[in-house]
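> The following comprises the amino acid sequence and a computationally predicted model.
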Amino acid sequence: MRHGTQTFGLELYTRSLACFTELFDLFYVIGVKVVPEMIYDLLTPVALAHWIMCDGSARPSGLVLCTDSFTIQEVVLLMNVLI
């Protein structure tokens, strides 16, 4: 109690997993988002579903995946992997 007012607090603790740090380091180099060369091995159906849910949108003619933050070379690499 402080000054006659009862207050409550909430404290959260999180743990980081080494596997997430490893993935983060693959996709961010010196703070810049990149497409790793081994994207073929990383882009599983589940990973593709996450990408679509986060950075994708449905269109009448198909599906759009946002790649605005990638270079032309990285977009071509992604296109080749998806084909």
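Arrived safely, thanks for sending.

> Name the SS class of the nearest residue to Glu37 once chain neighbours are set aside, please.
Spatial nearest neighbour of Glu37, excluding adjacent residues (C-beta to C-beta, 6 or more residues apart in numbering): Leu77 at 7.7 Å. In short, each C-beta sits where N, CA and C put it, glycine included. Reduced to three states with DSSP: H, G, I helix; E, B strand; the rest coil, the structure at Leu77 is helix.

> doesn't Met38 make contact with Leu77?
No: Leu77 lies out of contact with Met38 (C-beta atoms under 8 Å); the separation is 10.4 Å.

> between the two, which one's more packed in?
Leu77 (17 against 9; other C-beta atoms under 10 Å).

> per-residue pLDDT, the residue most central in space within the chain?
Nearest to the mean C-alpha position of the chain, by C-alpha atoms, centre = their mean, lies Trp51 at 7.0 Å. Trp51 is assigned a pLDDT of 93 by the prediction.

> Look up how far Cys66 lies from it.
Computed as C-beta to C-beta, to the nearest Å, the Trp51 to Cys66 distance reads 9 Å.

> what sits against the residue nearest to Glu37?
35, 37, 39 (C-beta atoms under 8 Å, 6 or more residues apart in numbering).

> Buried residues of the helix or strand bottoming out on mean pLDDT in the chain, list them for me.
In the chain, the helix or strand scored least confidently by mean pLDDT, DSSP states H and E is helix 18-27, which has a mean of 87. For helix 18-27, the neighbour count (16 or more other C-beta atoms under 10 Å) marks no residue as buried.

> from the chain's centre, how far out does it sit?
11 Å (C-alpha atoms, centre = their mean, to the nearest Å).

> ok, then the element right after it?
Proceeding N to C from helix 18-27, the next assigned helix or strand is strand 28-29, under DSSP states H and E.

> Partner strands of that next one and their direction?
Partner strands and pairing direction for strand 28-29 (DSSP bridges) are strand 32-33 (antiparallel).
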